[in-house]
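Chemist: A structural model of the following input is requested.
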Amino acid sequence: MVSPLTADDLLAEARRGLERLGPVEAAAAISSGALLVDVRSELQREGDGVVPGSVFFPRNVLEWRCDPDSPARDERVCDRARQLIVMCDEGYQSSLAAANLRRLGFERATDLAGGFQAWRAARLPVVPSSSPTSAVTRRSMSSRVARTSSRGRPFGSSSSQST
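Modeler: Sure, this is the predicted structure:
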């Protein structure tokens, strides 16, 4: 029997395959065409604000939105050649998410070391979540979330249908 891993083991394994970016490095990458993908909760976004130009997806649907073969894909994020930088609140769940994106073929996927908190501490741009930028993101996201089951699978996909 294989020994179970701890959460710390999973995190270390995920990070071994990533070239994590600090906030200033991430901002430079974004200026060069990378896309920042925010997976924080809506409560965190409402309380702390959002990074202008970032794309928001709830963590439980990220892989389906990014997978170019998924019927629930979002065209903004499904180009495997584009660098995706995943951002959570403090840089833990984003490492796990970025590792999954690499497994989906996004070879340049990585995460923001320290997450949103590090971004804000570096005094990089943050706007209130009620800003027009955030409202547009929420509107486009809400139509996609409506097509997703509570388990994060798109309705109508073979893995969410009962047989």
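Chemist: Can you pull the phi and psi angles for the nearest residue to residue 22 once chain neighbours are set aside?
Modeler: Of all residues not flanking residue 22 in the chain, residue 113 sits nearest, at 5.4 Å (C-beta to C-beta, 6 or more residues apart in numbering). Where C-beta positions appear, they are placed from N, C-alpha and C, glycine not excepted. Main-chain dihedrals, residue 113, degrees, to the nearest 10: phi -60, psi 130.
Chemist: low-scoring stretches of this structure, by residue?
Modeler: 131-163 (pLDDT under 70).
Chemist: Contact partners for residue 34?
Modeler: 26, 82, 83, 84, 85, 108 (C-beta atoms under 8 Å, 6 or more residues apart in numbering).
Chemist: so when I look at the last one, I'm seeing a helix, right?
Modeler: No - when the secondary structure is assigned by DSSP: H, G, I helix; E, B strand; the rest coil, residue 108 falls in coil instead of a helix.
Chemist: what about it, how many residues close to it?
Modeler: 16 (other C-beta atoms under 10 Å).
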